[in-house]
Each structure stands twice: as structure tokens, then as C-alpha cells.
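1. Fold the following.
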Amino acid sequence: MFELKPIAKEAIPRALSKAERYRLLNEPREAESICRDVLAADPGNQDAIICLILSLTDLFEGTHVRADEVRPLVASLRGEYERVYYSGVVDERWAKSLIHSGYTIASVYDLIHSAMTHFEHADRLAPQSNDDAVLRWNTCVRLLEQAHFTPPEEAEAAPEVFDDDVPYR
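-> From the prediction side, this is the model:
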């Protein structure tokens, strides 16, 4: 059987650049492989983890990658902003893949809402001049608008109504 060959730590920046190019060429399996090679050489490399998350979410549609397989990678990110933001990305991209697979917007609304909640939180944590979370939020809003979907109203707590015969305590 063949064995994987390790890459040198000095080769990591170039490998990550190649992984990003493969993602842009819509070749997420190649990008995934490179990210795994980088992580074998440098297990905590945050850029490789992020690229791997994005590569795997590129594979949601039409393959056997599921959101539950990606979430542990998100949890391994060091920064709170990154964990919250990429949690939103995973939820949003998983919802979109389900929609493209034939699920209705209504059936995946909770995922879209979860993504929007993550993006809203990430926006509060974002460094100045970083509107990535706002851009993702807007994408979710447009997705709902294009489907002419009206989110269910948040259930308002109705005040308790007591019968005249029941004393108020």
C-alpha cells in the first residue's frame, strides 16, 4: 500500500496558496487533501483549518460530506470570532445544499436562522473594517426574500388569563 509523504513546514505557505487556488477552480477534494497535508505538518494551523472547513462545505452538495463532519473543525479554531463566523458559514452552506437537494426553505429555516444568529454574533466580535459577517447575513436575507419566505413570527408570551373564579396568587 502507498504511504502519504509529509510536506516540509517551509512549504506550508505555498501549499495553502495552492489549496485556495484549487477551491477557486472548484476542485475542493484537491484543496481538502492539501489542507490535510498542511495539518499533518502543523496540526494547529488556523489557515489550513479554515481552508479545510471551506473545502468540505464546498462538498456538501452531491457528495457524502455532512455538516456534523465539519463542526468539530470549527470548534478547533482558536478565536471566538472565527468559531462563531464559521459556525454560521457551515449552517448557511448546509441549508443551501439541502435546498438544492429538494428540501423546502421552510424545512431548513431553522438552519438559516441559526446561521443568521451566528453572523449577528460574529458581527459584534468582528475586527474593525471586517464586514464578512454582514455580507453573509445579507446573503441569508436575500435567500429568504428570493424564496418569498416569511419567517414564522416569534411566539410572544401571552399574558396569563385567569378565570374570575380562580384567585390570583
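2. From here on, just use CA atoms for contacts and neighbour counts.
-> Noted.
3. separation between the residue lying closest to Asn45 once chain neighbours are set aside and Asp58?
-> Distances taken as CA to CA, 6 or more residues apart in numbering place Leu39 nearest to Asn45, at 6.3 Å, with adjacent residues excluded. Distance, Leu39 to Asp58, using CA to CA, to the nearest Å: 19 Å.
4. Compare those two and say which is more crowded by neighbours.
-> Set Leu39 next to Asp58 and count neighbours by other CA atoms under 10 Å: Asp58 wins out with 22 against 19.
5. Could you list the low-pLDDT ranges of this protein?
-> By pLDDT under 70, the low-scoring segments of the chain are 63, 154-169.
6. Kindly recompute the last result at 80.
-> Low-confidence regions of the chain, defined here as pLDDT under 80, cover residues 62-64, 153-169.
7. And it, what are its domain boundaries?
-> Domains of the chain are assigned by automatic domain parsing as 7-59, 79-149.
8. okay, these in TSV with distance to Val65 next?
-> Converted to TSV, the domains of the chain look like this (distance: least, CA to CA, whole Å):
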stretch	distance to Val65
domain 7-59	6
domain 79-149	10
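9. thinking again about what came up before, ok, the residue nearest to Asn45 - contacts?
-> 45, 48-49 (CA atoms under 8 Å, 6 or more residues apart in numbering).
10. Could you check which helix or strand contains Val70?
-> Applying DSSP states H and E as the criterion places Val70 in helix 67-75.
11. Mind listing residues that contact that helix?
-> 49-50, 53, 56-57, 60, 82-83, 86-87, 90-91, 94.
12. The same query, at a cut-off of 10 Å, please.
-> 49-50, 52-57, 60, 82-91, 93-95 (CA atoms under 10 Å, 6 or more residues apart in numbering).
13. All the strands of the protein, residue numbers only.
-> Using DSSP state E, no strands are found in the chain.
14. Next one: Ser33 from Thr139, what distance?
-> The value you get for Ser33 to Thr139, if CA to CA is used, is 29 Å.
15. for Asn130, same thing?
-> From Asn130 to Thr139 the distance is 16 Å (CA to CA).
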